[in-house]
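**Q** Test case, fold it:
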Amino acid sequence: MDAETPLRGACSCGRNHYFIAIPSNPHETLQVIFDDSAEHSRALSLRVPLAQIHSETYAFYSDETPNTIRRVFTPDHAPHSKRHFCGICGTSLSHWSEESPEEAELIYVNLKTLKSEDVDRLQDAGILTAVTEDETEGSHESSKGSRQVTSIGQGREVRGNPWFEEMIQGSELGRFRRRRGGETSSDGKTKVEWEVTEFESGEGDDGATVAGKRKLGSLGV
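**A** Numbering: from 1, shown residues only. The predicted structure follows:
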């Protein structure tokens, strides 16, 4: 890996950019972490030394400031941690914790925000390979299991990230719920999945709930 060219990333709208300087021992210092807890929703993060990362914000309009572009949130249930995200497009950028002195020297960057060519660099260097192989094996097992089930998760309720729900609590977004389900045809050739999202503002017309239902797609197997 070329140590002179930093890893680069950005949010979806392009207002937040960050640069990660390649350390002298990248295989020992850079690490891809897979977390399938509800807190991170099966997220892949690149753990890097805090001193190696530099971030910048770019305003597209005169009323945008660095504080409105790059937002920081500290959950009540984890006061030792901070979440960084774009205040315009909502992209989750990174999270940091000072639960221990060692942890405070590291930051976890959302791998999905890295430039595709820099993700390729991590793969070429062998830093990302082990994780992607594990993910592939896991997805194969999941797909095999889904073919054996005719009805999939009927009406199963899915909650959002705890830190995100805490952040929007009391706001106009209120509390949201998602229900996902699906069915597979008897011959196993067609699979239909659906998702219902409910937003409860808690104000207005007797706390009415606005629900939207969208079909995720029909897939031939």
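
**Q** how close does Ala59 sit to Phe85?
**A** Separation of Ala59 from Phe85 (Cβ to Cβ, to the nearest Å) stands at 17 Å. For the C-beta atoms, the positions are set from N, CA and C on the backbone; glycine is no exception.

**Q** Between these two, which is the more surrounded one?
**A** Using other Cβ atoms under 10 Å as the criterion, Ala59 and Phe85 rank with Phe85 on top: 21 against 13.

**Q** where do the strands sit along the chain?
**A** Using DSSP state E, the strands assigned to the chain run over residues 7-10, 16-20, 31-35, 43-49, 53-57, 70-73, 81-86, 92-97, 106-110, 151-158, 175-184, 190-200, 209-220.

**Q** Select from the ones you listed the stretch with the lowest mean pLDDT.
**A** If you rank these by mean pLDDT, strand 151-158 sits at the bottom with a mean of 36.

**Q** Find the nearest non-adjacent residue to Ile127, please.
**A** Nearest residue to Ile127, sequence neighbours excluded (Cβ to Cβ, 6 or more residues apart in numbering): Leu30, at 5.6 Å.

**Q** What of Pro66?
**A** Leaving aside its sequence neighbours, Pro66 sits nearest to Thr57 (Cβ to Cβ, 6+ apart; 4.6 Å).

**Q** rewinding a little: so the residue nearest to Ile127 is in contact with Leu46, correct?
**A** Yes: using Cβ atoms under 8 Å, Leu30 is in contact with Leu46, at 6.5 Å.

**Q** list the residues that contact both of those two?
**A** Leu122 (Cβ atoms under 8 Å, 6 or more residues apart in numbering).

**Q** and those two? which has more neighbours close in?
**A** The neighbour comparison of Leu30 against Leu46 (other Cβ under 10 Å) goes to Leu46, with 25 against 22.

**Q** Please name the residues that touch that one.
**A** 7, 20, 30-33, 108-109, 111, 114, 122.

**Q** got the domain boundaries for this protein?
**A** If you go by automatic domain parsing, the domain ranges for the chain are 7-139, 149-220.

**Q** what bridges to Arg83?
**A** Under DSSP bridges, the beta-bridge partners of Arg83 are Phe73, His95.

**Q** How many residues are close by Gly188?
**A** 11.

**Q** Now do it against Lys115, distance only.
**A** 39 Å.
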